[in-house]
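Student: Using only what follows, build the 3D model:
(one chain, ligands or ions: 1)
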Amino acid sequence: MKKVSQLYEGKAKKVWTTEDPELLIVDYKDDATAGNGAKKGTIHDKGIINNRMSNFMMKKLEEEYGVPTHFVEELSDRETVVKKCSIVPLEVIVRNLAAGSFSKRYGVEEGKTLACPIIEFCYKDDALGDPFCNQYDIVAMEWATKEEIDTITDYTFKVNEFLKNYMLEKCNIILVDFKVEFGRLSDGTIVLADEISPDTCRFWDADTREKLDKDRFRRDMGGEEDAYKEVMRRLMGE
Ligand code: TMP
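Tutor: The predicted model follows:
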């Protein structure tokens, strides 16, 4: 499978067309942004870690949990063949512990355990700052149908159950929260798309609660490269 022409360049990835109209190649960059593009930087080898981790998780979700994904084949350290889909314009967030914007919104300390996992939807629009929205907004604005929201909700909680348990048991890491995105294939099938990585999840060491994710970059804490490497080491033994 070869790249034909660049379709799109996002904040963290480039997307290329291929000879097959149903397949694309995603190329993960080391570029990092935060605060809706206000902060820009580089996290050395992030692209390699995110590509490999995301593919590892999507493969497991598809094979073991029946969650359809866009993943087809890992081509190289940074490149993956994915199914072409049109992205549902939603950021779907699950929270197991309070952190980030949830803590700010409700004035609760980061790390407070929530009585049950929460799902949130944000409308994907950089110019608007990805505003919070609910299921009525989504149906009324035709961003997705009620049936699609139900499917997305079901898949997203499956991702949470798998990822939370896997990260704790295999990596001694708490899954605090994460964001996922979905797409529609040409026949309308909803698939998990985008990525699952330390860019899109909050990961805390289960003993020390040390942050092992992009918050180190977002909050100018430093040590983000070592944190990404540590997640990879615990996940893949390298
Ligand atoms: P938040 O607390 O800032 O709303 O973030 C919740 C989760 O979603 C956290 O794991 C980081 C992730 N996230 C993204 O992946 N992309 C984004 O643009 C935002 C705002 C959050």
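Student: okay, CA-based contacts and neighbour counts for the rest of this
Tutor: Will do.
Student: can you give me the strands for the chain?
Tutor: 6-9, 13-17, 23-28, 31-34, 39-42, 71-74, 79-83, 86-87, 90-97, 113-123, 132-133, 173-184, 190-193, 201-205 (DSSP state E).
Student: Take those strands and lay them out in a markdown table including mean neighbour count.
Tutor: What follows is the strands of the chain, written out as a markdown table (neighbours: other CA atoms under 10 Å):
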| stretch | mean neighbour count |
| --- | --- |
| strand 6-9 | 12 |
| strand 13-17 | 19 |
| strand 23-28 | 24 |
| strand 31-34 | 18 |
| strand 39-42 | 14 |
| strand 71-74 | 18 |
| strand 79-83 | 22 |
| strand 86-87 | 16 |
| strand 90-97 | 21 |
| strand 113-123 | 15 |
| strand 132-133 | 14 |
| strand 173-184 | 23 |
| strand 190-193 | 24 |
| strand 201-205 | 22 |
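Student: a markdown table for these, including distance to the ligand?
Tutor: As requested, the strands of the chain are exported to a markdown table (distance: least, CA to the nearest ligand atom, whole Å):
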| stretch | distance to the ligand |
| --- | --- |
| strand 6-9 | 16 |
| strand 13-17 | 14 |
| strand 23-28 | 15 |
| strand 31-34 | 8 |
| strand 39-42 | 13 |
| strand 71-74 | 18 |
| strand 79-83 | 19 |
| strand 86-87 | 15 |
| strand 90-97 | 6 |
| strand 113-123 | 9 |
| strand 132-133 | 9 |
| strand 173-184 | 4 |
| strand 190-193 | 13 |
| strand 201-205 | 4 |
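Student: mind putting the ones you listed in TSV, mean pLDDT included?
Tutor: Shown next, in TSV, are the strands of the chain (pLDDT from 0 to 100):
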stretch	mean pLDDT
strand 6-9	97
strand 13-17	98
strand 23-28	98
strand 31-34	97
strand 39-42	97
strand 71-74	98
strand 79-83	98
strand 86-87	97
strand 90-97	98
strand 113-123	98
strand 132-133	98
strand 173-184	98
strand 190-193	98
strand 201-205	98
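Student: tell me the contacts of the nearest residue to residue 206 once chain neighbours are set aside?
Tutor: Spatial nearest neighbour of residue 206, chain neighbours left out: residue 173 (4.9 Å); criterion: CA to CA, 6 or more residues apart in numbering. For residue 173, the contacting residues are 167, 203, 204, 205, 206, by CA atoms under 8 Å, 6 or more residues apart in numbering.
Student: Thought residue 215 was touching the third one, still the case?
Tutor: No: using CA atoms under 8 Å, residue 204 is not in contact with residue 215, being 10.4 Å away.
Student: And the strands of the chain: which comes nearest residue 222?
Tutor: For those, proximity to residue 222 was assessed by CA to CA; strand 39-42 is nearest, at 11.8 Å.
Student: If you count residues, where's the longest helix of the protein?
Tutor: Looking across the chain with DSSP state H, the single longest helix is helix 146-171.
Student: what helices or strands is that one leaning on?
Tutor: Counting contacts by 3 or more CA pairs under 8 Å, 6 or more residues apart in numbering; DSSP states H and E, helix 146-171 is packed against helix 46-65, strand 90-97, helix 135-140, strand 173-184, strand 190-193, helix 224-236.
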